[in-house]
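In: All I have is the shape, not the residue letters:
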Ligand code: CP
């Protein structure tokens, strides 16, 4: 694969200038939704897990820019896929990622992948093997539609914050990422991403979680510290709810499973039950400076956030969900421009 081809796997791989350009393009698509930036272009959207927003916004986004999206759900409407190298394939999988990715790369111009962790062994899941295998073997740009990070959600989130605060410059704003209770241990992807992009934007970021057991993977804590060094702002870890909420410009909520118990959730269950009070409610939001709150959705009302918080004017979760459409169009259009530059065209079969 040509080194000129760029994937969208994590925002940390992209420069601030590139991310700012994507955000500006997304704002332009919000004003003018229809175009031909993906004319003759196609994208395979490979979903290993359910979706409402991601699937709808990618399919619609490709359509609105003159492109074609094809949704595949391996194990449902497409063959189950093997990812282990050198394995004897006598289990459920009917074909190997080496063939799947190469074949898709002959048909389409780019591939989106949603592949959540298997929730058995974090040391394996943290390698993001499924996403990286598509990037390695397909020969076309790959977009992360949520694996162990969720970079499209990051951009939609930042865009909505900029809209609500009325400025592109988010430096010096107090941003709180709070863990919330959920009956099941969830993916850390959105939390990893929120921490990454909020520090990248130079905000004063607080990660609020019940205890050290709920800290995120060291890779993302490291990215947060690195971003503060390079882009300013600050990064604080807090287990004190009121101190964290006090004076916040933005509160972002997400639930995730405690990594020390990864794959042993029966042991974590009684621990997380003690932390139901991390729900985002009116009393906590009254401590903030702006009352601005969001969540990536889907959200269980009155478990993660109360009805009053979700229905308050400061809740911008719906704006953020809408922005998924605009930012993903910006990402696909940017990757299509990259393909133009290297003369890749899946229709005429000119390849890099
Ligand atoms: N936020 C998000 O990715 O939503 P879906 O899981 O519905 O795609």
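Out: Perfect, thanks for sending it. Being a predicted model, the structure only gives us computed values, none of them experimental.

In: Number of residues surrounding the residue of the stretch 201-350 of the chain found nearest the ligand?
Out: Proximity to the ligand, evaluated over the stretch 201-350 of the chain using Cβ to the nearest ligand atom, is greatest for residue 296 at 4.1 Å. In this view, the C-beta of every residue, glycine as well, is placed from N, C-alpha and C. When counting by other Cβ atoms under 10 Å, one arrives at 24 neighbours for residue 296.

In: Contacts only, for it.
Out: With contacts defined as Cβ atoms under 8 Å, 6 or more residues apart in numbering, residue 296 is in contact with 150, 153, 157, 190, 254, 317, 320, 321.

In: Now do the residue nearest to the third one when sequence neighbours are not counted against residue 87, distance only.
Out: Closest residue to residue 157 in three dimensions, ignoring its sequence neighbours and counting by Cβ to Cβ, 6 or more residues apart in numbering: residue 320, at 5.4 Å. Distance check for residue 320 against residue 87: by Cβ to Cβ, to the nearest Å, it reads 40 Å.

In: For the closest residue to residue 68 other than its chain neighbours, give me the pLDDT.
Out: Nearest non-adjacent residue to residue 68, counting by Cβ to Cβ, 6+ apart: residue 42, 4.5 Å away. Per-residue confidence (pLDDT) for residue 42: 98.

In: what residues are up against residue 42?
Out: 62, 67, 68, 69, 70, 107, 108, 109, 110, 346.

In: what's the answer for residue 288, then?
Out: Shown in contact with residue 288 (Cβ under 8 Å, 6+ apart): 176, 245, 246, 247, 248, 249, 251.

In: What about those residues, which are in helices?
Out: Counting by DSSP state H, the contacts of residue 288 place residue 245 in helices.

In: List only buried entries from the contacts of residue 288.
Out: Buried members of the contacts of residue 288, counted by 16 or more other Cβ atoms under 10 Å: 176, 245, 248, 249, 251.

In: circling back: who wins on neighbours among the contacts of residue 42?
Out: Most crowded among the contacts of residue 42, counting by other Cβ under 10 Å, is residue 110 at 31 neighbours.

In: Surely that one touches residue 144?
Out: No: look at residue 110 against residue 144 with Cβ atoms under 8 Å: they stay out of range, at 11.8 Å.

In: Relative to the whole chain's centre, how far out is stretch 159-178?
Out: 17 Å (Cα atoms, centre = their mean, to the nearest Å).

In: ditto for stretch 138-153
Out: How far stretch 138-153 lies from its chain's middle: 8 Å, per Cα atoms, centre = their mean.

In: now the end-to-end length of it.
Out: Using Cα to Cα, to the nearest Å, the end-to-end distance of stretch 138-153 comes to 24 Å.

In: What residues sit buried inside that stretch?
Out: Those would be 138-153, for stretch 138-153 by 16+ other Cβ under 10 Å.

In: Okay, residue 34 and the ligand: tell me how far apart.
Out: Distance from residue 34 to the ligand, counting by Cβ to the nearest ligand atom, to the nearest Å: 23 Å.

In: Look at that residue and tell me its secondary structure.
Out: Using DSSP: H, G, I helix; E, B strand; the rest coil, the three-state assignment for residue 34 comes out as coil.

In: next one: residue 112
Out: strand.

In: What's the separation between it and residue 96?
Out: Residue 112 is 20 Å from residue 96, by Cβ to Cβ.

In: Among those two, which residue is more densely surrounded?
Out: Neighbour count, other Cβ under 10 Å: between residue 112 and residue 96, residue 112 has more, with 30 against 18.

In: Over to residue 288: give its phi and psi.
Out: Phi and psi for residue 288, reported as degrees, to the nearest 10, are phi -80, psi 170.

In: picking up where we left off before, now the angle between strand 110-114 and the one helix or strand the residue nearest to residue 157 maps to, please.
Out: Following DSSP states H and E, the helix or strand that holds residue 320 is helix 317-342. On the basis of axes from the mean of the first three to the mean of the last three Cα atoms, to 10 degrees, helix 317-342 is oriented at 150 degrees to strand 110-114.
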